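Engineer: give me a 3D structure for the following:
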Amino acid sequence: MPHPTPENAMSMSAFFRALRTSYQAEIDDLTFDSEGRNVLRQRLLEKRGQITFLKQMMELSPEMVAVIFHGGFHFEEPAVMEQLLTLESDEFPDWSSLSGAVELMPWAQELADALLPEPQGEWFMVVAAALEYLYHRPSPHQQEAAKQQTQETGGAHGATRRRDAGYDFDKDDERNRDHDHDHDHDHDHDDDSAQWLEDQGFDRKE
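Structural biologist: Sure, this is the predicted structure:
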């Protein structure tokens, strides 16, 4: 994995920069067996059955425990998660304060209910949510590559190549509309995240 760029480094605390790679590696290790078969679902189910043992590792190796929540989060307020990623491990808000930004699947909520009563339970759930968000968050390199690909396939010639390859223009238009819709809400997300930080006792960033 490439080292983060200076801009990316500024947008993420040292704590999450260190754990991001470990979390990715943990999922990669679980994904394939010795014969190359994808066994991630089976192995995650097995790990979820070991929650009593995993409780003991929440503080020392949170990334090894956080994988049991893989696929179990839905992020309602990405801007809040982006702000969370700038915090160090001793600066986290209460887990309950993220209730409007993070939604758990029912099976993940059951796991959370078993962990939250632990001394480090709330701290760990914040870490788990942030690591899963990071796992699905495009890196600056991926974003730049996507932008470059769009430029290279632009214009009539690009349209012809995409049509020849069976490119779905209806879906492309739908994605564009979704993008425009998301863009309209960017300022709302920024305001929400700023308000959230202020509610947690942090200075509002203009």
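
Engineer: quick check: domain ranges of the protein?
Structural biologist: The chain breaks down into these structural domains: 6-136, 153-199 (assignment by automatic domain parsing).

Engineer: which residues touch the top helix by length along the chain?
Structural biologist: In the chain, taking DSSP state H as the definition, the longest helix is helix 14-31. The contact list for helix 14-31 (CB atoms under 8 Å, 6 or more residues apart in numbering) reads 1, 4, 9, 12, 38-40, 43-44, 47, 62-64, 66-67, 70, 85, 87-89, 127, 130-131, 134-135. C-beta coordinates here come from the backbone N, C-alpha and C atoms, glycine included.

Engineer: burial count for residue 18?
Structural biologist: 12 (other CB atoms under 10 Å).

Engineer: roughly how far apart are it and residue 64?
Structural biologist: Taking CB to CB, to the nearest Å as the measure, residue 18 falls 14 Å from residue 64.

Engineer: next one: residue 22
Structural biologist: In terms of CB to CB, residue 22 sits 8 Å off from residue 64.

Engineer: next: residue 122.
Structural biologist: 19 Å.

Engineer: the two - which one has more neighbours?
Structural biologist: residue 122 (20 against 16).

Engineer: so the more buried one makes contact with residue 112?
Structural biologist: No: Residue 122 is not in contact with residue 112 according to CB atoms under 8 Å; the separation is 9.8 Å.

Engineer: please enumerate the strands of the protein.
Structural biologist: With DSSP state E as the criterion, the chain has strands at 73-75, 102-104.

Engineer: so which of these is the most surrounded?
Structural biologist: strand 102-104 (a mean of 18; mean count of other CB atoms under 10 Å).

Engineer: which residues of this structure fall in helices?
Structural biologist: Applying DSSP H to the chain gives helices spanning 6-10, 14-31, 40-48, 51-54, 62-66, 78-84, 106-115, 121-136, 140-152, 155-164, 169-184, 186-199.
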